[in-house]
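In: only the shape, not the letters, is given here:
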C-alpha cells in the first residue's frame, strides 16, 4: 500500500491509473508506451497542441474531460514524480536536455544488456516505474550516465582553457537537437484551448 508522499517500489502496488479531478483513470503503463510518450514530444512534425491531444491516447478507456489536468497527470506519471529522487543538483543549463530516448536509445539498450542482462527488445510489459528505477540505478560509468554527465557540465565553470575546449567538443558531439515544449508554451496552449 502507498505510504507517505513517495512510492516504495519494494512494497507498494505498481500504479495502473492516474488521478484527474479526484477520479482514477486507467492508463497504459508498459515502458515502451512511456518511451513513445517522450518520443512524441520530440517529434518536430507535430504542433504542440497536436502532441497534447495525441497524449490523451495514453488513457485506456474514458478520457478525462479536463484536458489540462489530464495532460498534467500523464506528465507526472512519465516523470515518476512519486518515486524518490536523488538530491543531486543539475549543473547544466535548465533548458538544455541532457537525455533523449530517441537520440540515446542505442546506449540505453546496450547498458541494460551490459549491467542487467535485460534485452529490451524481448521485454514486453515491464512497468514504467520498474524501467525508470533500473535506469536510475545504472552506474555512473555506464554510457548513458556518462552522456548525461557531460551534457550537464556548465563549461563556464571550467577555468582551464584546454579542458573547457575539450568538454565543449564532447558536448557538441553528443548534443541533443531541441525543439521540445517548454512550460510557458504548454501554459499558452492550455490558455488558448480554453477559448475554443
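Out: Arrived safely, thanks for sending. Note that the coordinates shown come from a computational prediction; the quantities given were computed from them, not determined experimentally.

In: residue 74 is in contact with residue 55, correct?
Out: Yes: judged on C-beta atoms under 8 Å, residue 55 makes contact with residue 74 at a distance of 5.6 Å. For the C-beta atoms, the positions are set from N, CA and C on the backbone; glycine is no exception.

In: more neighbours, those two?
Out: residue 74 (22 against 18; other C-beta atoms under 10 Å).

In: tell me which element that one is part of?
Out: helix 67-78 (DSSP states H and E).

In: can you list contacts of that helix?
Out: Outside helix 67-78, the residues that touch it by C-beta atoms under 8 Å, 6 or more residues apart in numbering are 15, 18-21, 25, 27, 34, 37-38, 52-53, 55-56, 58-59, 63-64, 82, 128, 186, 190, 193.

In: overlap in contacts of residue 55 and residue 74?
Out: Listed as contacting both residue 55 and residue 74 by C-beta under 8 Å, 6+ apart are residue 37.

In: in ChimeraX, how would I select just the buried ones from the contacts of helix 67-78?
Out: Of the contacts of helix 67-78, the buried ones can be selected in ChimeraX as follows, counting by 16 or more other C-beta atoms under 10 Å:
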select :15,18,20,25,27,34,37,52,55,58,59,64,82,128,186,190
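
In: after the helix holding residue 74, next one along is what?
Out: Sequence order places helix 105-116 as the next helix or strand after helix 67-78, per DSSP H and E.

In: need the residues that contact that following helix.
Out: If you take C-beta under 8 Å, 6+ apart as the criterion, helix 105-116 is touched by 101, 118-121, 134-135, 138-139, 142-144, 147.

In: what are the buried residues along it?
Out: Neighbour-count burial for helix 105-116, counted by 16+ other C-beta under 10 Å, picks out 107, 108, 109, 111, 112.

In: out of the residues you listed, who's nearest residue 159?
Out: residue 107 (29.8 Å; C-beta to C-beta).

In: how about the buried residues of helix 105-116 in TSV, adding pLDDT and distance to residue 168?
Out: Formatted as TSV, those follow (pLDDT from 0 to 100; distance: C-beta to C-beta, whole Å):
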residue	pLDDT	distance to residue 168
107	97	21
108	97	24
109	97	28
111	98	25
112	98	30
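
In: which of those residues sit farthest apart?
Out: 107 and 112 (9.9 Å).

In: next, count neighbours for residue 140.
Out: Residue 140: 8 neighbours (other C-beta under 10 Å).
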